[in-house]
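Visitor: Sequence and predicted structure are below.
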Amino acid sequence: MPVHREIIDPTDLDLKEQVVAINRTTKVVKGGKNLSFSALVVVGDPSKHVVGYAKGKAKEVPSAIRKAIEKAKKSLIRVHVLEHTIPHEVLGTFGSGQVLLKPARQGKGTIAGGAVRAVVEAAGIQNVLTKSIGSKNPQNVIKATFDGLLQLREKAEIAEIRGVDVANL
């Protein structure tokens, strides 16, 4: 079943940006070395549970960050959230990286590290337990986290797929 993503307009959102990783790359050419930078950025509106990510490349760090932010605003997704946590446990995968997301009780807080924490906080999920398995590469971890977030479903959606009433779930 293909996933249909809704197009989210970033102009009416209060987006917060967070830089997850910056990489420096060097290319050796006849005249010496060419330095280049890539920035991995997560943007999101915690109050509306909208989040996106992107990578930008440029000759300077600020330009790379700016490019990444502009690209991330075009790839926003809406996350299904209960009052304070996610509706159910989910395992997102990308490459050799896996991210396990589990719902947590009120007051537990965000138990996550690095790239997963950036995504979860930008999405506005306050109480969640996470475990990053396999790859520690920030890009793979973020993509696995987004895979998990896209798998989240609400009760009404599951009832419709199964062809039963919401009360029977």
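Guide: Alright, I've got the coordinates.
Visitor: how is the protein carved up into domains?
Guide: 10-77, 79-168 (automatic domain parsing).
Visitor: how about the nearest residue to V166, chain neighbours excluded?
Guide: A159 (4.6 Å; CB to CB, 6 or more residues apart in numbering). For glycine as for every other residue, the C-beta is placed from the backbone atoms N, C-alpha and C.
Visitor: In terms of helices and strands, where is that neighbour?
Guide: Assigned by DSSP states H and E, A159 belongs to helix 155-162.
Visitor: tell me which residues in that helix are buried?
Guide: Using 16 or more other CB atoms under 10 Å as the test for burial, helix 155-162 gives A159.
Visitor: outside of that helix, which residues touch it?
Guide: H80, P87, R153, D165, V166, N168, L169 (CB atoms under 8 Å, 6 or more residues apart in numbering).
Visitor: repeat that with 10 Å
Guide: Applying CB atoms under 10 Å, 6 or more residues apart in numbering, the contact partners of helix 155-162 are 1, 80, 82, 87-88, 153-154, 164-169.
Visitor: Show me which of those are buried.
Guide: Neighbour-count burial (16+ other CB under 10 Å) applied to those gives H80, H88.
Visitor: Output the contacts of helix 155-162 in a markdown table, with distance to V61 appended to each entry.
Guide: Shown next, in a markdown table, are the contacts of helix 155-162 (distance: CB to CB, whole Å):
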| residue | distance to V61 |
| --- | --- |
| M1 | 41 |
| H80 | 35 |
| L82 | 38 |
| P87 | 38 |
| H88 | 39 |
| R153 | 39 |
| E154 | 40 |
| V164 | 53 |
| D165 | 54 |
| V166 | 49 |
| A167 | 54 |
| N168 | 54 |
| L169 | 49 |
